[in-house]
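Q: After the sequence you'll find the predicted model.
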Amino acid sequence: MSATPLSVAQTIDARKSAGHGTLIAYLPAGFPTMAESIEAAVAVLDAGADVLEFGVPYSDPVMDGVVIAQATQTALEAGFKLKHLFPAVKEIVERTGKPVLVMTYWNPVLQFGVAEFAGALVDAGGAGLITPDLIPDEANEWIEASDSFECERIFLAAPSSTDLRLASASQVSRGFVYAVSTMGITGARNDVDKAAKTLVERVYEQGANRVCVGLGISTPAQVADVISYADGAIVGSALVKALALGGVQALTKLTQELSTGTARA
């Protein structure tokens, strides 16, 4: 496989041209072990996910629901260190040829060094970062580093965000804007919040080129619903739960099912 996959933006655009939305799969690095998390990541991309969101385990995951928080705690207890992230990204990219985004709280990046992190990620073939607790107004160092290393950078947009904040996120994001479908912590929900569609419309109105929706998506029908008004659907807790309960086999099956929801009518 190529070590230089399409960027996330290029992937979204290619899927759109083919009449599909983009399926983005979240999995935590190091869960249940580092080696097993690599195999899970490869499996989910081979099974139909278009982009991997590889989460960095963090000791204070304030935005994560129970399923993801437990998984990241397991990864930390199994010995995950940030130095393990970059070789894993490299292997996943080389084996699948698909883009890998890293999702991380900002403190680990600060501790590692912002420019150093960007450089290490690009050297590993990573596409960029999703930074859930970093707002554009406080991201000058990251914007400078990501411009320098040509990384994609994804900021969050929430229903509570002002139009000014949405405009800022739309302007500085590279790849897509991450629309949080329901305020609060992550976790699969029976109904993706109807506020998501309104939020996506607001983000597009503020100039975003691409918008993907996450938090609460767990079924093919929900993927299809989101794809009807956004560029992509991000699935996390449902996949992590499948991996935790049924291993790679269950993860693969769910991913295949979810991918059936990406075709646009």
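A: Received the coordinates, thanks.

Q: Mind telling me which residue is nearest the centre of this protein?
A: The chain has residue 53 as the residue nearest its centroid, 3.4 Å off, counting by Cα atoms, centre = their mean.

Q: Check which helix or strand the nearest residue to it once chain neighbours are set aside maps to.
A: Excluding its sequence neighbours, the residue lying closest to residue 53 (Cβ to Cβ, 6 or more residues apart in numbering) is residue 26, at 4.2 Å. In this view, the C-beta of every residue, glycine as well, is placed from N, C-alpha and C. Residue 26 belongs to strand 22-28 when assigned by DSSP states H and E.

Q: After that strand, which helix or strand is next? Please name it.
A: Next along from strand 22-28, by DSSP H and E: helix 34-46.

Q: Output the contacting helices and strands for that next one.
A: On a contact count with 3 or more Cβ pairs under 8 Å, 6 or more residues apart in numbering; DSSP states H and E, helix 34-46 meets strand 22-28, strand 51-55, helix 85-96, helix 237-259.

Q: For residue 45, which of these is the nearest?
A: helix 85-96 (4.3 Å; Cβ to Cβ).

Q: Quick one: work out the angle between that closest one and helix 34-46.
A: Here helix 85-96 runs at an angle of 40 degrees relative to helix 34-46 (axes from the mean of the first three to the mean of the last three Cα atoms, to 10 degrees).

Q: Remind me what helix 85-96 packs against, helices and strands.
A: helix 34-46, strand 51-55, strand 100-103, helix 114-123.

Q: Turn the ones you listed into TSV, including distance to residue 205.
A: Formatted as TSV, those follow (distance: least, Cβ to Cβ, whole Å):
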stretch	distance to residue 205
helix 34-46	33
strand 51-55	25
strand 100-103	25
helix 114-123	30
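
Q: Show me what counts as buried in stretch 169-178.
A: 169, 170, 172, 173, 174, 175, 176, 177, 178 (16 or more other Cβ atoms under 10 Å).

Q: Not including adjacent chain positions, what is the nearest residue to the first one?
A: For residue 169, the nearest residue in space outside its immediate sequence neighbours is residue 155; the separation is 4.3 Å by Cβ to Cβ, 6+ apart.

Q: Also the fourth one?
A: Taking Cβ to Cβ, 6+ apart, and ignoring the residues beside it in sequence, residue 173 has residue 155 as its nearest neighbour in space, at 4.9 Å.

Q: before we move on, what about the third one?
A: Closest residue to residue 172 in three dimensions, ignoring its sequence neighbours and counting by Cβ to Cβ, 6+ apart: residue 136, at 4.7 Å.

Q: Please work out the angle formed by the directions of the strand holding residue 26 and helix 237-259.
A: Interaxial angle, strand 22-28 versus helix 237-259 (the same axes, to 10 degrees): 150 degrees.

Q: Within the sheet, what are the partner strands of strand 22-28, with directions?
A: strand 51-55 (parallel), strand 232-235 (parallel) (DSSP bridges).

Q: and the ones you listed, which is most packed in?
A: Of the strands paired with strand 22-28, the one with the most neighbours on average (mean count of other Cβ atoms under 10 Å) is strand 232-235, at a mean of 28.

Q: Would you tell me which of the strands paired with strand 22-28 gets closest to residue 127?
A: strand 51-55 (7.7 Å).

Q: tell me which residues in the very next helix or strand once past the closest one are buried?
A: Moving toward the C-terminus from strand 51-55, the next helix or strand (DSSP H and E) is helix 66-77. Buried positions in helix 66-77, judged by neighbour count with 16+ other Cβ under 10 Å: 67, 68, 69, 70, 71, 72, 73, 74, 75, 76.
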